[in-house]
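1. turn this into a model:
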Amino acid sequence: MEKISLISRVRAGDRKAFDELCRKYYAMLVSYARLFLRDDWAEDVVQDVFYNVWQRRETLDDSNSLYKYLLRSVYNLVSYTHLTLP
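-> Purely as a prediction, here's the structure:
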């Protein structure tokens, strides 16, 4: 129930809730991104994911798993990054 409350607060534009979300998932997402990218790129990808979450916060869905959504977002951005890196 806490996740749903957190998602609802983020969707409403609550910056403290967004900061809480970032603290909660940042390390896990960077570790996941490091499976595919160097450390500095992994952190950049995760920061971009959180930026996109904030920009599109109104579209967050309480009924879906936030963690799975974030993992998929990292994976998609990693895939895109691999395509655009020299």
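2. pLDDT (mean, whole number) over the strand or helix carrying Glu20?
-> Of the helices and strands defined by DSSP states H and E, Glu20 is found in helix 15-33. Average pLDDT, helix 15-33: 96.
3. flag every buried residue along that helix.
-> Applying a neighbour-count criterion of 16 or more other CB atoms under 10 Å, one finds 17-18, 21-22, 24-26, 29-30, 32-33 buried in helix 15-33. Using the backbone N, CA and C atoms, a C-beta is placed for each residue, glycine as well.
4. need the residues you listed in a markdown table with distance to Arg56, can you?
-> Shown next, in a markdown table, are these (distance: CB to CB, whole Å):
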| residue | distance to Arg56 |
| --- | --- |
| Ala17 | 15 |
| Phe18 | 12 |
| Leu21 | 13 |
| Cys22 | 15 |
| Lys24 | 18 |
| Tyr25 | 16 |
| Tyr26 | 18 |
| Leu29 | 16 |
| Val30 | 21 |
| Tyr32 | 20 |
| Ala33 | 19 |
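5. from these, which is closest to Ser79?
-> Ala33 (11.3 Å; CB to CB).
6. not counting its own residues, what contacts the very next helix or strand once past the helix holding Glu20?
-> Downstream of helix 15-33, the first helix or strand assigned by DSSP H and E is helix 39-55. The contact list for helix 39-55 (CB atoms under 8 Å, 6 or more residues apart in numbering) reads 10, 18, 21-22, 26, 29-30, 33-34, 36-37, 60, 70, 73-74, 77-78, 81.
7. how about Val46: what's its closest non-neighbour residue?
-> Excluding the flanking residues, the one nearest Val46 by CB to CB, 6 or more residues apart in numbering is Leu29, at 4.6 Å.
8. for Tyr26, that is, sorry about that
-> Val46 (6.3 Å).
9. what's the local residue count around that neighbour?
-> 27 (other CB atoms under 10 Å).
10. among the helices and strands of this structure, which has the poorest mean pLDDT?
-> helix 2-11 (a mean of 80; mean pLDDT, DSSP states H and E).
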